[in-house]
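S.K.: could you look at this predicted model? Sequence included:
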Amino acid sequence: MPIRTPRLRWLGLLGAAVVLTTAACGSSAKTGAPPTTNPAAPAATGGSTSSTAGHPFKVAIVAPSAVNDLAFTESMVSAVQSLKQKYDLQIAISDNQYVVSDAANLIRQYASEGYNLVIAHGSQYGSTVEQLAPQFPKVSFAWGTAGSTFNQPNIFAYQAASNEGGYVQGYMAGLMSKSKTIGVIGPINVGDAQLYVDGFKQGVLAADKTANVKVTFTGSFSDVGLMATAAKAYIANGADVLTGSSQSVVGAIGVAKAAKAAWFGTQWDQSSLAPTAVVSCQVYNWVPVLDQIFTAIKGGKLGGATYTIGLGNGGEKIQFNPGYPLSPSVKAAGEKEITAIVDGTLTPAQ
């Protein structure tokens, strides 16, 4: 599986698996421009969407952070990799594409190389997908988290009802906090990040109307330092529970660990970063969405649909950290809220 870094290095062979650890990915990288996997690929208006016997289904992922970020990017990379054998996938990944103009060039390059599906995994890539899709009518594009296909027949959109897990974890946080001061740190108030923050705050106040929920948006998905600074400010003002969203949360998790504060995560399981601080995480599972997208493309439908993951359809789950000494009563309360959301008796505000 080729991986393109910001300098366009290719890591490993097509069938190699990415090692998903908190360390950097190991590889036998080659420097320089990546080789074209299909030298005879059509020009910009071409591309092939058919996957016949003996020909792999080519999928490219362009993502804003590292494949092992324990957050947004890892959730999608892991899902695609898990379906490699089922759909005979040939996977290429360009991670750490936080510069949108660089990402746009890669999205265009993958489309021109005849990839069946180009996944632009970041809401910041929306305008790029909207512009490129008409230029490559035989290539499918998917992007998220957002709900718009821009009325293009070859764009899929996907989003996460992150307010659901946010509500559940916020409810538990409201029951746990002794100081009644809880810090919530978001990157930019868009997409699933905004939904998670809103849901978490609603959950806290549902559990304890007297709680003081402080919310900050750093303005960046990738700036670890800004996340850490916000977390330190909350701790200094008495917060004993923290949460946050995006790949930059590693900074805030470190602060929570040092201060012996509780941390609730989202997008991926972050317990390995702070086994004694992480209470639980809302984990994304994009497999149900990808199953539908791959099936649609193979059936001739190249886009025009939006998919949403949530607690009720298996696209999201609350993963409790067995290493955290969570009160059985608080855990039971959280599980009760999960059941209420799944059976429809509770709908967190959006």
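M.R.: The structure has been received and is ready for your questions. Bear in mind the structure is a predicted one, so any value in this text is a computation, not a measurement. Numbering: from 1, shown residues only.
S.K.: tell me, how many residues neighbour L326?
M.R.: Using other Cβ atoms under 10 Å, the number of residues around L326 comes to 17. For the C-beta atoms, the positions are set from N, CA and C on the backbone; glycine is no exception.
S.K.: actually, V99.
M.R.: 12.
S.K.: and for A233?
M.R.: A233 has 15 neighbours, counted by other Cβ under 10 Å.
S.K.: and what of S101?
M.R.: 8.
S.K.: OK, contacts around T181?
M.R.: Residues near T181 by Cβ atoms under 8 Å, 6 or more residues apart in numbering: A211, N212, K214, Y234, N237, G238, A239, D240.
S.K.: out of those, who's nearest A296?
M.R.: Taking Cβ to Cβ as the measure, A296 sits nearest to K214 out of these, at 42.7 Å.
S.K.: would you say the closest one is within a helix?
M.R.: No. Going by DSSP: H, G, I helix; E, B strand; the rest coil, the assignment for K214 is strand, not a helix.
S.K.: show me what contacts it?
M.R.: T181, I182, G183, V184, Y234, N237, A239.
S.K.: tell me the bridge partners for the second one.
M.R.: Spelled out, it's I182. V213, V241 (DSSP bridges).
S.K.: go on, the one 4 residues further on?
M.R.: G186 forms beta bridges with F217, as assigned by DSSP bridges.
S.K.: quick one: it from V241, how far?
M.R.: To V241, G186 is 16 Å away according to Cβ to Cβ, to the nearest Å.
S.K.: more neighbours, the two?
M.R.: V241 (28 against 25).
S.K.: tell me the one of the contacts of T181 nearest A305?
M.R.: Proximity of these to A305 (Cβ to Cβ) peaks at K214, which lies at 38.2 Å.
S.K.: pLDDT wise, what is that closest one at?
M.R.: For K214, the pLDDT comes out at 97.
S.K.: what of F156?
M.R.: In this model, F156 carries a pLDDT of 98.
S.K.: so what's T266 closest to, chain neighbours aside?
M.R.: In this structure, T266 finds its nearest non-sequential neighbour in Q282, 4.3 Å apart by Cβ to Cβ, 6 or more residues apart in numbering.
S.K.: pretty sure that neighbour sits in a helix.
M.R.: No. Using three-state DSSP, the assignment for Q282 is strand, not a helix.
S.K.: doesn't Y167 make contact with it?
M.R.: No. Applying Cβ atoms under 8 Å, one finds Q282 not in contact with Y167, separated by 9.9 Å.
S.K.: confirm A120 sits in a strand?
M.R.: Yes. The assignment for A120 by three-state DSSP puts it in a strand.
S.K.: find the nearest non-adjacent residue to it, please.
M.R.: Spatial nearest neighbour of A120, chain neighbours left out: W143 (4.2 Å); criterion: Cβ to Cβ, 6+ apart.
S.K.: what about the one you found, distance to T295?
M.R.: Going from W143 to T295 by Cβ to Cβ gives 19 Å.
S.K.: now swap in A236 and tell me
M.R.: As defined by Cβ to Cβ, A236 lies at a distance of 51 Å from T295.
S.K.: tell me the domain ranges of this protein?
M.R.: Here the domain parsing of the chain from automatic domain parsing is 3-144, 162-284+314-342.
S.K.: now, of the ones you listed, which is deepest in the fold?
M.R.: Counting by mean count of other Cβ atoms under 10 Å, domain 162-284+314-342 has the highest mean neighbour count of the domains of the chain, with a mean of 21.
S.K.: longest helix of the chain?
M.R.: Scanning the chain for the helix with the most residues, using DSSP state H, yields helix 191-207.
S.K.: looking at the contacts of K214, which two lie furthest apart in space?
M.R.: Across the contacts of K214 (Cβ to Cβ), the longest gap, 13.1 Å, separates V184 and N237.
S.K.: A strand includes Q152, no?
M.R.: No. Secondary structure of Q152 (three-state DSSP): coil, not part of a strand.
S.K.: what is the end-to-end distance of stretch 123-142?
M.R.: Stretch 123-142 stretches 11 Å from its first residue to its last (Cα to Cα, to the nearest Å).
S.K.: centre of the chain to it, how far?
M.R.: The gap between where stretch 123-142 is centred and where its chain is centred comes out at 19 Å by Cα atoms, centre = their mean, to the nearest Å.
S.K.: and D223, what are its phi and psi?
M.R.: Main-chain dihedrals, D223, degrees, to the nearest 10: phi -80, psi 100.
S.K.: in terms of pLDDT, where does the residue lying closest to it once chain neighbours are set aside sit?
M.R.: Spatial nearest neighbour of D223, excluding adjacent residues (Cβ to Cβ, 6+ apart): S248 at 5.6 Å. In this model, S248 is scored at 93, pLDDT.
S.K.: S248 and I188, how far apart?
M.R.: To I188, S248 is 11 Å away according to Cβ to Cβ.
S.K.: might one say that A333 is in contact with G170?
M.R.: No. Contact between A333 and G170 fails when scored by Cβ under 8 Å: they sit 11.7 Å apart.
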